[in-house]
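J.: Structure, please.
(chains A and B)
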There are 2 protein chains.
Amino acid sequence: MLKVSILTIGDEILIGQIINTNAAWISQKCLQTGATVTEHRVVGDNENSIIVAIDELFKNSDALLITGGLGPTSDDLTKPTLTKYFNDTLIFDNNVLEWVKGFFAKRGIKEISERNKNLAYVPSKCKPLKNDLGTAPGLLFNEQGRIIVAMPGVPKEMKFIMNTYVLPLLKDKIINQNLNVHSFKLIQTCGIPESILADKLADIENQLNGLNLAYLPSFKGVRLRLEAKNLSIEEAEQKINEVSKLIYSKIGEYIYGEGDISLSETIGKMLSVKKQTVAVAESCTGGLLGGEFTKIPGSSNYFIGGVIAYSNEVKTEILGVKQQTLENFGAVSEQTAVEMAENVRKIFNSTFGLSITGIAGPTGGTPSKPVGTVWIGISTPDRTFAKHFQFAGDRDIIRERSVAEALTMLYFNIKGFDK
Amino acid sequence: MLKVSILTIGDEILIGQIINTNAAWISQKCLQTGATVTEHRVVGDNENSIIVAIDELFKNSDALLITGGLGPTSDDLTKPTLTKYFNDTLIFDNNVLEWVKGFFAKRGIKEISERNKNLAYVPSKCKPLKNDLGTAPGLLFNEQGRIIVAMPGVPKEMKFIMNTYVLPLLKDKIINQNLNVHSFKLIQTCGIPESILADKLADIENQLNGLNLAYLPSFKGVRLRLEAKNLSIEEAEQKINEVSKLIYSKIGEYIYGEGDISLSETIGKMLSVKKQTVAVAESCTGGLLGGEFTKIPGSSNYFIGGVIAYSNEVKTEILGVKQQTLENFGAVSEQTAVEMAENVRKIFNSTFGLSITGIAGPTGGTPSKPVGTVWIGISTPDRTFAKHFQFAGDRDIIRERSVAEALTMLYFNIKGFDK
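T.: Predicted coordinates:
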């Protein structure tokens, strides 16, 4: 296997100001490429800490991927420290100067500052990697087949350099050296709790053929990670495909996609194909459901809009919920959810209407309707109904789960399942 | 100073399935307590990696804080590995057994499994820390004044143990040993770009009195971090207060709060006090602005609701934007933004109306209205107007920045500033 370690350099992470999302992203991509990440480390903008970290990590890895500390200011120590680590000297690279000039020229800046000219000084032993999305180039060092790559900490620049140079390089190494890989497939499910999913899949636990099957529950549904460890690329792919088929045969109707796809994306594709539309009426989620639909590029093809009916007046006056309904059953009730879904579908003239009304807390709960009580309604061309949910968790979680369950109800109803 | 290092244990982080938010949270809290975090490290569920990491980190820190790997299953290696590291043995602790029993009893479970009974075996040299929110206790080791604390990886359980035991302990150490601290204050600004902020604060660069002033730009505004390094607690507090006053004297009108507060929270407090209300009309943000308002508990006091006007039909039929306006100027225009803001204020009978209409991309741009063109409108009891923005970035970023600028416009108008 190809062992990768990730070193993040920057005080802003050690003080907790920035969450280290770079390390998570790099890890995912390495795993998808077949490499195995063995360690993450974060140190501050301090030469001694960086040297120690590079030394300890590079000893134990085939590739050390470094992010951060590559800019043009004095607290950017990655380049001088790597130069020192490799007993190297900085040389002026005219190609890099042209890259930096080109970057600024595109933004209408013809003269570049002395500080930015310094970006063209690179260690003589490294290969600079052109950074199309920023000024600091990546730096690639090769030592007896093992590599160190330094990348900027800005996520989009790091991702560009990873995708353009680093991942293809790792892939080549794995293929050329015929290395075994860790490989996995992510299967996305919705509308089924982890325990019932596990019951339905209990039969195939003996047919996993050496693979590992992990259940990853989240508010948005349970993801299944089917993992092959230390196999050749072909063997891993074959085994994963075989077991994957078994999984589909058992729980196919709950699977909405594979890989990184979201439920709102899947729904968007289905609605586009069927030329159907949706509108929303949101109370406790305050617009988050609409926000989730419109996250998807092209959602204007199927998402018409909605009403954020946070106050009772909006529910009656804009959405036409009957005053009587609110008085008899309350704003958080089956009847209100039904009227909200039905009316928003009619007013917006959409194929489907979705509604959410609930108590997100922390206050507003009562003994009969405690915090976390949520009614979600759906109106289709055939029927309108609402479901009751009792969510645990804080305000954010209750709102997120409400959005996820509303999407799930819509998904099953587009599919024509009776759920 | 008191040096803290953070070790996170778990394969799920190395494969990028989970982002290491625990380390960021712990770092923030340590800094607020006066301790200095010198390193983050993540290793997998593997005894050898854990031993090496503990050994290397504990050598260089006064406190090593470990999260993860503390549960009752076989891949939870933190407890046996720490036992091995300290040449210790596991003993059965009846107190811990009572804690675990109590935890399940509260959830109506009277008999606990053998597996959960094993949680009561703890290393003889450690002090178990009661975990009110989960079953696995924290483990505190004390070695000649330096400490190792192992905590569960579940964020709410880790936070409980940090807040209840670890942070008070670190604070005591700092005070008792009269240690110098790193200390900081976060000042939140909105409506002013980093470069102009820096110009306005240029004068005080010479009056920082040894403090460090960092500019932290984000889509939501520029945060200022005023940092004191290696001073006594009193000295740090005094200097920070002095410089803070200077900053307020220069840019006070752009400061909406201190610490972790969000702009929507500040706005909520202002609207509540003034008994004013707001309603929204959102096109490209699709509900995100409403979602941001309603994130705040108690927002029903001032947030009435809104219309997600994603299609043109909704803009005309529900919001009453004139057909003529859309035809003459387009959906993304000053005139449309103005009508949306004014009409939503009237329809919802609120003090303020906010509107957003723009092109979030990646498609839909034209030469005269490229992707990132956004018009944001505001209607107050006195006037209605809209501002033009041209945002760079992807769809998510354009939407987030639109929400942030809409909040900023509302903030200034509640304040009565002419912006």
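J.: and the longest helix for chain A?
T.: In terms of residue count, the longest helix belonging to chain A (DSSP state H) is helix A:395-415.
J.: Restricting to C-alpha, output it in PDB.
T.: Only the C-alpha atoms of helix A:395-415 are listed here, as PDB (Å, rounded to 0.1, in the frame of the first residue of the first chain):
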ATOM      1  CA  ARG A 395     -32.500  23.600  17.500                       C
ATOM      2  CA  ASP A 396     -30.100  23.200  14.600                       C
ATOM      3  CA  ILE A 397     -30.400  19.400  14.600                       C
ATOM      4  CA  ILE A 398     -34.200  19.500  14.800                       C
ATOM      5  CA  ARG A 399     -34.300  21.900  11.800                       C
ATOM      6  CA  GLU A 400     -31.800  19.800   9.800                       C
ATOM      7  CA  ARG A 401     -33.600  16.600  10.500                       C
ATOM      8  CA  SER A 402     -36.900  18.200   9.500                       C
ATOM      9  CA  VAL A 403     -35.400  19.200   6.100                       C
ATOM     10  CA  ALA A 404     -34.000  15.700   5.600                       C
ATOM     11  CA  GLU A 405     -37.300  13.900   6.400                       C
ATOM     12  CA  ALA A 406     -39.200  16.300   4.100                       C
ATOM     13  CA  LEU A 407     -36.900  15.400   1.200                       C
ATOM     14  CA  THR A 408     -37.200  11.700   2.000                       C
ATOM     15  CA  MET A 409     -41.100  12.000   1.900                       C
ATOM     16  CA  LEU A 410     -40.800  13.700  -1.500                       C
ATOM     17  CA  TYR A 411     -38.300  11.200  -2.800                       C
ATOM     18  CA  PHE A 412     -40.600   8.200  -2.000                       C
ATOM     19  CA  ASN A 413     -43.600  10.000  -3.400                       C
ATOM     20  CA  ILE A 414     -41.900  10.800  -6.700                       C
ATOM     21  CA  LYS A 415     -40.800   7.200  -6.800                       C
END
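J.: For chain B, see how far away residue A:334 is.
T.: Distance from residue A:334 to chain B, counting by CB to the nearest CB, to the nearest Å: 21 Å. C-beta coordinates here come from the backbone N, C-alpha and C atoms, glycine included.
J.: again with residue A:50
T.: For residue A:50 relative to chain B (CB to the nearest CB), the value is 11 Å.
J.: and that residue, what is it in contact with?
T.: Neighbour list for residue A:50: A:7, A:9, A:43, A:69, A:77-78, A:81 [criterion: CB atoms under 8 Å, 6 or more residues apart in numbering or on different chains].
J.: so which pair among those residues is furthest apart in space?
T.: Maximum pairwise distance among the contacts of residue A:50 (CB to CB): 12.3 Å, between A:7 and A:77.
J.: For the longest helix of chain A, what is the distance to the chain centroid?
T.: 18 Å (CA atoms, centre = their mean, to the nearest Å).
J.: again with stretch A:91-105
T.: Between the centre of stretch A:91-105 and the centre of its chain there are 34 Å (CA atoms, centre = their mean).
J.: more crowded one of residue A:7 and residue A:77?
T.: Using other CB atoms under 10 Å in any protein chain shown, the more surrounded residue of residue A:7 and residue A:77 is residue A:7, with 26 against 21.
J.: where does the more buried one land in three-state SS?
T.: With DSSP: H, G, I helix; E, B strand; the rest coil as the basis, residue A:7 sits in strand.
J.: In what element of secondary structure is the closest residue to it other than its chain neighbours found?
T.: Among residues not flanking residue A:7 along the chain, residue A:66 sits closest, at 4.7 Å (CB to CB, 6 or more residues apart in numbering or on different chains). With elements taken from DSSP states H and E, the one containing residue A:66 is strand A:63-67.
J.: Who does that strand pair with, and is each partner parallel or antiparallel?
T.: strand A:3-9 (parallel), strand A:146-151 (parallel) (DSSP bridges).
J.: Which of the ones you listed sits closest to residue B:326?
T.: Nearest of the strands paired with strand A:63-67 (CB to CB): strand A:146-151, 45.8 Å.
J.: neighbouring contacts of the closest one?
T.: With CB under 8 Å, 6+ apart as the criterion, strand A:146-151 contacts A:54, A:58, A:61-67, A:70, A:78-79, A:82, A:129, A:138-141, A:157-158, A:161-162, A:165-166, A:169.
J.: ok so, going back, the strand holding residue A:66: how far from the chain's middle?
T.: The answer for strand A:63-67 is 22 Å, by CA atoms, centre = their mean.
J.: quick one: average pLDDT of it?
T.: Strand A:63-67 shows an average pLDDT of 98 in the prediction.
J.: I'd like the next helix or strand past that strand.
T.: Counting by DSSP H and E, what follows strand A:63-67 is helix A:78-85.
J.: now that next one and strand A:146-151, what's the angle there?
T.: 150 degrees (axes from the mean of the first three to the mean of the last three CA atoms, to 10 degrees).
J.: what about helix A:78-85 and chain B, touching?
T.: No. Using CB under 8 Å from any CB of the partner chain, we find that helix A:78-85 stays clear of chain B, coming within 15.7 Å at best.
J.: In that helix, which residues are buried?
T.: A:78-79, A:81-83, A:85 (16 or more other CB atoms under 10 Å in any protein chain shown).
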